[in-house]
Every structure is written in structure tokens, then in C-alpha cells.
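K.L.:
next one to model:
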Amino acid sequence: MRVRYRDRLIREGAIAAVGLALSVALFLVAPLALAGPLPLFVSYSLGFFIGLLVPASCGLLIKERSRKGGEIVLAILAPLAAAYLAGSPAVAAVAAGLLAGATATALSFFQNRFDTLADAVRLAAKLLLVALGISVLLLASWDRALLTAGGIAILVALGLLAGWSVRGAGAPEIVVLGPAGSGKTLLFLALYSLFVREFSGRRQEVILGPGAEAMRVEDLLSDLEGGRLPKPTGENDLAFYLLSGKKYGFVPIETGIVDYAGRYTAAINPAHHAAAVARVAAAIGVDEESVRAHIGSFGYLKRLKEDQAGAIGGVMDAVVAACLYHRMEMAGKILFLIDGDQIVNFHARGREELTHLFGYYSRLMDLFGGDRVYGFVVTKTDRITNIKDIEDTSEEAARIEREIYESLLRVSTFHEIHNRALSVPVFFFAASVDAMLEPGEGRDALRQIYPWRVGEVVRFGF
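P.N.:
All right, here's what the predicted structure looks like:
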């Protein structure tokens, strides 16, 4: 479920209304700056950037994280475009801008890279306002000074608003973060199983460390079929699973998911990352910047395994730590796991553990910033309540999810995350990898993947 969605809509609507009001005010203060007559180079500049911003801003509406920026730019643009087109527009420049904006939007859609589209919209919006500023200044000789000054002030306000509101959707990368025992490996297997079915998915994998053989997807799944749970991921093991498929049957999608020992979750900070990068660079004999720039990529890890297996054997803990941090920096979406057992044991040690965990997750949200979408996933929901006979897309399933969320609001550090949802997109999911288990059954009863509401997590990720 989307956390505080209505509150965010109201807030974003108010900001868009401010942008619309400023844009209308600009037209009222300095109408000739838009309607003309304008110098040829100003008219062509205005036409091109207006044309470009219309489809490009509409493209930002596709992704959750960039939607606010698209709405606000369109609100600013509507009166300006209407005034410009009502005057003496440069039709060829508008057409060229429309073509450029549509092309940029299409490329971003098919490459799933709306962060680059957001950068283009931010730059184009600023250049449009610069062109309008030039137009206002050129009119100063026959426009009253007070109105000209007012026009410039409005342009500055519009520029600040556009620059602040337009945010990228982040790279198409997902990081799953959770402490030891929270179910990272099992959740990945459930995500993988749904991904190959819903998106005609395929995978590539590169696995480093002494436990590499046991971390292959087919071995993990076949062990489950044989009644054997995946062993805890070793501290010197790292698996990178690269998933690719097609959304809607024709749009290529690709993302990487890493699996690692849970202890690394608690060591994500810049100082630890810098030390890990230095150790890896020293071990393989390259400069630190090269490691820092590439350690989180599938190709780089594959080359390390093929060419530097002996050299990295003694620094695998640093490889894991450096890779995980870099993946967090690259990610467009971060999934924080919440162990359902901690909720079951809420009145014992659970509340204490959750208070610490949510405080740490909140700090990570500060560290990696607002240009991401955050999801919180309660694993092992089957341990909290009996979900065996509840359809995972039903209203009853959604009710269970809401009740778990509301129960966690008793934890102050989780309530802080609830407050953050006004400024960054936050989602919450209650899921299980085996809906057939009942409360009280041990994990050793797990034999197959029977996902419950994992599909919601898949749709969040892809």
C-alpha cells in the first residue's frame, strides 16, 4: 500500500497551484514577453522549449518518484504555452521541440531511465525561463520598470520551484536490505519465481565466495523441493542475480538483486565504504576510484571472479561491503525488510529490536536521499496471522496489511518513517513466501514457494 498517498496528493496539488498562479501572474505582469512581437531568436527559443517540455513533462508522470515534478512543470507551462501560442508563435520551433521531447520520453520509457528525462526537463525548464527573462529585459525600454522588476522576480520564483520539484525516478535498480534471518534469500526466490512468469524473465548470475555452488537459483529451489531451507548466506559470499524480461510484452526491463550476509546491513556508512574500497583496490592492484565507480555492477563483479579470484579471496568482506553500499547509491528503489517474527514477539524483545531497526532505516533514508522510492516489507506474515485461505489480492488481505502497519505505528521510530512519507514516496507490504504455513509452524515446514502478496512487491519493483 502507498503510505500517506492522499496527504501527498494534497500537498503536491497545492504546490502545483502555486506554480500555476505564478505563471498566470507572469503573463499579467509582462504579457508582451510571451505574446510578442518578439525578436526571432527569443521566439524560436521559447517555442522550442515549450514544445519540448509538453511531452517530456507528461513522460515524468509515468513514474511515481518523478510524477510531482511533471505535474508542477505542466502547471507552470500551461498558461505560458497558451499565451505564446495565442501570439505569433514560431511553429517550426514548437514542432521541433515536440519531436525532441517525444523522442526523449520514448527513449526513457524503453530504457526505463526516467532519471535522465528528469535532468532534461529540469534543464529545459530553466532555459525556457532564461529565454523569458531575456524577453522581459528586452521589453524594459517601453515596459514600466516596476512591472519589469516584477516579471524578473516571478521568473526567479518559477525557476526555483521547477528546480526543486523535478526529481528523477532513479536508476532501474533495486536493493533488498534486511538483517540476518529476515528472509532476504527466500524473498528473492519468490520475486524470481513471479518475475519469470509475469515478465518472461531470464537471469544471469555471478557468485563470489566459498559458498558459490549453494547460492545458484536452481540449487536453492531444488533444496526447498527436497525439504531443505537455504543455509544462511556466508559472510564471505556475495551473489548478484541479473534479471531481465519484458513488461507489457514488449518493454525491456532489467535489474540486479544482490544476496549477502545480514550482518552487512548494519555497516552501511561512508567511512566503512571508503575503507572497504581501499582494501579491495589494494588487493587487486588498481586505483580506488576505479573500484568505487564499478564495484556494484554485474560486469565488474564477473571480471573480478574470472580474473582476480585469488586476489579477492582474503578481502571478500570488503568486496561485499563496498558492493552493497554502491548498490544503495545506484538504486532507484530500496526495499527494507521487517522480520515478522519480531512483530510476533513484540511484547518480548520485538519492540526493542524494531525500535533500533526503524531508527537505522530512517538514517539510511537520510543518507541516500529523497531521489528514491522506499518500500517496507514485512516478511513471514504467515507467522503473524493465518493467511492460508485468504486471497492475496482480496480486501481482506489489504485489511491485514493495514492492521500490521497501524500496529507498527506504536514504535516511535516507525512513526518517524510515517512522517517522512509526506516528502518521499513510501510503500508498505505484508508478504509471505509460503501462504500455506500457519502461525506456530516452523520454517522447516517450508517445502515450496507459495507467495502471498509478493506480487505487490514485484509490481513495486518493476
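
K.L.:
quick check: buried residues in stretch 367-384?
P.N.:
When burial is assessed from 16 or more other C-beta atoms under 10 Å, stretch 367-384 yields the following buried residues: 368, 371-384. Using the backbone N, CA and C atoms, a C-beta is placed for each residue, glycine as well.

K.L.:
extract the CA atoms of stretch 407-414 and return them as PDB.
P.N.:
C-alpha atoms of stretch 407-414 as PDB (Å, rounded to 0.1, in the frame of the first residue of the first chain):
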ATOM      1  CA  SER A 407       0.300  -1.700  14.900                       C
ATOM      2  CA  LEU A 408       3.900  -0.700  13.900                       C
ATOM      3  CA  LEU A 409       3.000   3.000  14.400                       C
ATOM      4  CA  ARG A 410       3.300   2.300  18.100                       C
ATOM      5  CA  VAL A 411       7.000   2.300  17.500                       C
ATOM      6  CA  SER A 412       8.200   5.900  17.600                       C
ATOM      7  CA  THR A 413      11.000   5.400  15.100                       C
ATOM      8  CA  PHE A 414       8.500   3.800  12.600                       C
END
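
K.L.:
now do the buried residues in it.
P.N.:
Neighbour counts over stretch 407-414 (16+ other C-beta under 10 Å) mark 408, 411, 413-414 as buried.

K.L.:
ok so, going back, and of the buried residues of stretch 367-384, the nearest to Arg197?
P.N.:
Checking the buried residues of stretch 367-384 against Arg197 by C-beta to C-beta gives Val377 as the nearest, at 19.6 Å.

K.L.:
picking that back up, quick check, nearest of the buried residues of stretch 407-414 to Ser362?
P.N.:
Ranked by distance to Ser362 (C-beta to C-beta), the buried residues of stretch 407-414 are led by Thr413 at 6.1 Å.

K.L.:
which parts of the stretch 201-350 of the chain are strands?
P.N.:
Using DSSP state E, counting those that start in this stretch, the strands of the stretch 201-350 of the chain run over 202-208, 238-247, 251-260, 331-339.

K.L.:
got a markdown table for the ones you listed, with distance to Leu28, mean neighbour count and mean pLDDT too?
P.N.:
Formatted as a markdown table, the strands of the stretch 201-350 of the chain follow (distance: least, C-beta to C-beta, whole Å; neighbours: other C-beta atoms under 10 Å; pLDDT from 0 to 100):
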| stretch | distance to Leu28 | mean neighbour count | mean pLDDT |
| --- | --- | --- | --- |
| strand 202-208 | 57 | 18 | 95 |
| strand 238-247 | 45 | 20 | 92 |
| strand 251-260 | 43 | 20 | 88 |
| strand 331-339 | 40 | 24 | 93 |
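
K.L.:
relative to Ala14, which of these is closest?
P.N.:
Nearest to Ala14, of all the strands of the stretch 201-350 of the chain, is strand 331-339, at 26.3 Å by C-beta to C-beta.

K.L.:
and that closest one with strand 251-260, angle?
P.N.:
Using axes from the mean of the first three to the mean of the last three C-alpha atoms, to 10 degrees, the inter-axis angle of strand 331-339 relative to strand 251-260 is 50 degrees.

K.L.:
so of the buried residues of stretch 407-414, which ones are in helices?
P.N.:
Here DSSP state H is the test, and the buried residues of stretch 407-414 give 408, 413-414 as lying in helices.

K.L.:
returning to that earlier point: farthest-apart pair in the buried residues of stretch 407-414, please.
P.N.:
Leu408 and Thr413 (9.8 Å).

K.L.:
which neighbours do these two share?
P.N.:
Common contact partners of Leu408 and Thr413 (C-beta atoms under 8 Å, 6 or more residues apart in numbering): 354, 358.

K.L.:
picking that back up, and the buried residues of stretch 367-384, which is closest to Pro79?
P.N.:
Using C-beta to C-beta, the buried residues of stretch 367-384 come closest to Pro79 at Asp371, 28.5 Å.

K.L.:
for Asp119, see how far away the closest one is.
P.N.:
To Asp119, Asp371 is 11 Å away according to C-beta to C-beta, to the nearest Å.

K.L.:
got it, and Thr355?
P.N.:
Thr355 is 38 Å from Asp119, where distance means C-beta to C-beta.

K.L.:
also Leu364?
P.N.:
Distance, Leu364 to Asp119, using C-beta to C-beta: 24 Å.

K.L.:
look at the two and report which has more neighbours.
P.N.:
Of the pair Leu364 and Asp119, Leu364 is the one with more neighbours under other C-beta atoms under 10 Å, namely 16 against 12.
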